[in-house]
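>>> Have a look at this prediction, sequence included:
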Amino acid sequence: MLPLDDPRWSELRHAYGDAADVPGLLRALASFTGPKANHQDEPWFSLWSSLCHQGDAYTASYVAVPHIVQIASEAEGPVDFSFFQLPAAIEVARQTGRGPDIPKAHADDYHRSIARLIENVSLHRNEDWDQSMLLAAAAAQAVAKGHIDVAEALLNLDANWIAKINNCEFD
């Protein structure tokens, strides 16, 4: 993993330019791993906005994923569903052509982290899960097993889509 104090973060890109700010966001994330109150809570709001803006991934996205996965693996107690959803969304973006190639120096760390999502889901399996956590965990498992189309569908599900599917209401 690229250390958080490494100056090469500024060579990586995210939605708003160089990624020199990402290490600070990841440090903040390590300090608060629990469920967020709403979608604008930091550091998740900035991480999502920077690393998976409108469904696109960036070089910094791939380098941040190993840190996000590691933080989740060390977290005690309930974690926010974004620990599963953001890495899954980044991998879906990568696999569907909505991101650049992974920088070669970071590819192995990235791929190992995506595979570790299954372990992370298992580590947090005994916590109470709401529907958002269930869908994020399932999407994380899907990307870890290479089922990108299933992961993308899970990431797009919400209460309205679930109701339509259950009621066979297809327009």
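Received, thanks.
>>> So residue 110 sits against residue 60, correct?
No: contact criterion CB atoms under 8 Å: residue 110 and residue 60 do not qualify, at 11.5 Å. C-betas here are computed from N, CA, C, even on glycine.
>>> which of those two has more neighbours?
residue 60 (27 against 23; other CB atoms under 10 Å).
>>> My reading is that the more buried one lies in a helix. Confirm?
Yes: counting by DSSP: H, G, I helix; E, B strand; the rest coil, residue 60 falls inside a helix.
>>> Which residue comes closest to it once chain neighbours are left out?
Distances taken as CB to CB, 6 or more residues apart in numbering place residue 19 nearest to residue 60, at 3.5 Å, with adjacent residues excluded.
>>> mind checking the backbone torsions on that neighbour?
Per-residue torsions, residue 19: phi -100, psi 30 (degrees, to the nearest 10).
>>> Could you do residue 18 as well?
phi -70, psi 150.
>>> residues contacting it?
9, 10, 11, 12 (CB atoms under 8 Å, 6 or more residues apart in numbering).
>>> top of the residues you listed by neighbour count?
Ranked by the number of neighbours (other CB under 10 Å), the contacts of residue 18 place residue 9 first, at 22 neighbours.
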